[in-house]
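Visitor: Sequence and predicted structure below; questions after.
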Amino acid sequence: MGIKIYKPTTAGRRNSSVQDFSDITKKRPEKSLTVIKKRKGGRNNQGKITIRHRGGGAKRFIRIIDFKQNRFDDVAKVSSIEYDPNRGARLALIEYKDGKKSYVIAPIGLKVGDKVLSSQKKEVEIKNGNRMMLEYIPQGINVFNIEMIPGKGAQIARGAGTSVKVMGTEGKYAQLKMPSGEIRLVPKECMATIGQASNPDYRLIRWGKAGRMRHKGIKPTVRGKVMNPCDHPHGGGEARNPIGLKHPKTPWGKPALGVKTRNKKKASGKLIIQRRKKKRK
């Protein structure tokens with residue numbers, strides 16, 4: 001996939017770019033593997049807004065993705081490469097010998113007609129799209145779609161263009177180097193897919209105007225410093241003024257921007273060997 005830039009015929013078009021869908025081989029999704037996405041507008045089960053700036057957007061169909069891929073030692077053939085409106089990566093529609101179909105996240109380079117295999121055995125070929133246990137993946141291989149708990153399904157490295165490097169296996173755990181630079185331990189029985197998630201250029205898209213974000217279901221965000229003091233801690237003052245605080249705050253008065261939010265008592269914290277790299281100021 002690449003990025004397409006049009007002639008700047010309008011102000012919005014001048015600063016925007018779009019995806020090149022040349023890698024898509026099928027326009028309509030598999031009907032049996034889709035459900036309509038219910039819109040919640042950022043509200044929880046009590047009707048309260050817990051995520052701001054959500055609402056509207058184009059109608060979407062959720063593709064039911066097989067994150068477990070637990071049909072072991074059963075070869076599947078790639079039927080098509082498809083677009084998913086709910087994620088940046090492409091999906092591969094795979095079909096097993098008995099005719100059953102399922103969606104999986106496609107790695108870079110996977111084509112129609114290729115065969116993929118998911119297995120817990122050591123003899124599996126280290127090939128793009130094959131899925132196997134971390135214990136049997138050699139050091140230095142890039143993987144994605146990784147489980148954190150054996151049998152639970154993939155949770156790590158599912159976004160477009162992401163991959164994790166296998167650093168080695170020792171004892172009960174495999175060492176993985178995350179895209180952030182963090183090195184953490186994951187049980188060696190967890191499954192991972194060989195390769196890198198497809199569509200790495202997704203992060204380079206320039207959305208260009210507010211209208212395209214509204215199509216995604218994201219509403220405009222107003223800066224706190226242009227609000228009134230009753231609406232935000234940064235608000236108030238005549239014309240353009242600084243926020244008047246030593247540190248920036250959220251609308252609810254809590255410290256923001258650069259504050260560590262990870263729970264120190266989180267159980268999986270003990271599995272982190274090296275924290276992620278700090279951002280340069």
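Guide: Happy to help now that I have it.
Visitor: Could you pull up phi and psi at A92?
Guide: With angles defined as degrees, to the nearest 10, A92 sits at phi -110, psi 130.
Visitor: Who is it paired with across the strands?
Guide: I81, V104 (DSSP bridges).
Visitor: Which stretches in this protein count as helices?
Guide: 11-14, 210-215 (DSSP state H).
Visitor: To Q46, which of those helices lies closest?
Guide: Among the helices of the chain, helix 210-215 comes nearest to Q46, with 25.8 Å by C-beta to C-beta. All C-beta atoms are positioned from the backbone trio N, CA, C, and that covers glycine.
Visitor: thinking again about what came up before, for my notes, please list the helices of the chain in TSV and give mean pLDDT and distance to K254 for each entry.
Guide: Formatted as TSV, the helices of the chain follow (pLDDT from 0 to 100; distance: least, C-beta to C-beta, whole Å):
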stretch	mean pLDDT	distance to K254
helix 11-14	91	35
helix 210-215	95	26
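Visitor: who wins for proximity to R158 among those helices?
Guide: The nearest among those, by C-beta to C-beta, is helix 210-215 at 22.3 Å.
Visitor: List of residues touching that closest one?
Guide: G12, S16, G56, G57, A58, W207, K219, P220 (C-beta atoms under 8 Å, 6 or more residues apart in numbering).
Visitor: residue contacts, the second one?
Guide: With contact taken as C-beta under 8 Å, 6+ apart, S16 is in contact with Y6, R206, W207, G208, K209, R212.
Visitor: can you rerun that using 7 Å?
Guide: R206, W207, G208, K209, R212 (C-beta atoms under 7 Å, 6 or more residues apart in numbering).
Visitor: and the third one, how far is that from N15?
Guide: Per C-beta to C-beta, to the nearest Å, G208 is found 5 Å from N15.
Visitor: Compare these two (neighbour count), which wins?
Guide: G208 (17 against 11; other C-beta atoms under 10 Å).
Visitor: Excluding covalently adjacent residues, which one is nearest to the more buried one?
Guide: S16 (2.3 Å; C-beta to C-beta, 6 or more residues apart in numbering).
Visitor: Repeat that for K219.
Guide: H53 (4.5 Å).
Visitor: what about that neighbour, neighbour count?
Guide: Neighbour count of H53, defined by other C-beta under 10 Å: 13.
Visitor: go on, S268?
Guide: The burial count for S268: 12, using other C-beta under 10 Å.
Visitor: And for F144?
Guide: 25.
Visitor: how far away is it from P187?
Guide: From F144 to P187 the distance is 17 Å (C-beta to C-beta).
Visitor: same question, K101
Guide: Relative to P187, and taking C-beta to C-beta, K101 is found at 30 Å.
Visitor: Now do the residue nearest to K127 when sequence neighbours are not counted, the pLDDT please.
Guide: Among residues not flanking K127 along the chain, I194 sits closest, at 6.3 Å (C-beta to C-beta, 6+ apart). pLDDT recorded at I194 is 97.
Visitor: quick revisit: looks like the residue nearest to K219 contacts I218 (just checking).
Guide: Yes - counting by C-beta atoms under 7 Å, H53 touches I218, with 5.9 Å between them.
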